[in-house]
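Participant: For reference, the sequence and a predicted model appear below.
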Amino acid sequence: MPLTTSRISTDWPCQVKTPGTYDWERSAAKWLRELVPARYASYPALIRHPVLLARHAHLQVQQEIRVARTALQTARADLPRLGMPESVIEHTIKLYAAEVMQLQHIARSVRAVSEALVERGPTR
């Protein structure tokens, strides 16, 4: 059943087919499975109900954002005590900042996919 939305969000992941097209839910589930630890991706409830998988992916990404933010916020204080040179510390700070931004984009993409899955209605 096609969605009533005429256009998808700019946050829509390129790995997921457009909502309402053939097999888009399968492509959404495949993409979401890549965001969660492998052991979760094999749980029957998450396989049968992509909305549950989307919920778990959302929680997973939110936790990863918290971890990356903590790493970013504590790098300047913690890394010198570990013997890291200033150049490594600066590189690491840039790495964490980029990771936070990437994870925020992924979180918006998960939200867009989740909303589309909810809009299409329950299955099974």
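Facilitator: The structure has been received and is ready for your questions.
Participant: quick one: least confident helix or strand in this structure?
Facilitator: helix 38-41 (a mean of 88; mean pLDDT, DSSP states H and E).
Participant: Tell me the first helix or strand C-terminal of that one.
Facilitator: helix 44-48 (DSSP states H and E).
Participant: mean confidence for that following helix?
Facilitator: In this model, helix 44-48 carries a mean pLDDT of 92.
Participant: So which elements touch it?
Facilitator: Counting contacts by 3 or more Cβ pairs under 8 Å, 6 or more residues apart in numbering; DSSP states H and E, helix 44-48 packs against helix 50-81. Bear in mind the C-beta positions are built from the backbone N, C-alpha and C, glycine included.
Participant: Which neighbouring elements make contact with the biggest helix by length in the chain?
Facilitator: As assigned by DSSP state H, the longest helix anywhere in the chain is helix 86-120. Contact here means 3+ Cβ pairs under 8 Å, 6+ apart; on that basis helix 86-120 packs against helix 24-33, helix 50-81.
Participant: shaky segments in this structure?
Facilitator: For the chain, the stretches flagged by pLDDT under 70 are 1-7, 121-124.
Participant: Centroid-nearest residue for it?
Facilitator: For the chain, the residue sitting closest to the mean C-alpha position, by Cα atoms, centre = their mean, is residue 106 at 4.1 Å.
Participant: Burial check on residue 14, number of neighbours?
Facilitator: 7 (other Cβ atoms under 10 Å).
Participant: helix/strand/coil for the residue of the chain most remote from its centre?
Facilitator: No residue in the chain sits farther from the centre than residue 83, which is 32.9 Å out by Cα atoms, centre = their mean. Counting by DSSP: H, G, I helix; E, B strand; the rest coil, the backbone at residue 83 sits in coil.
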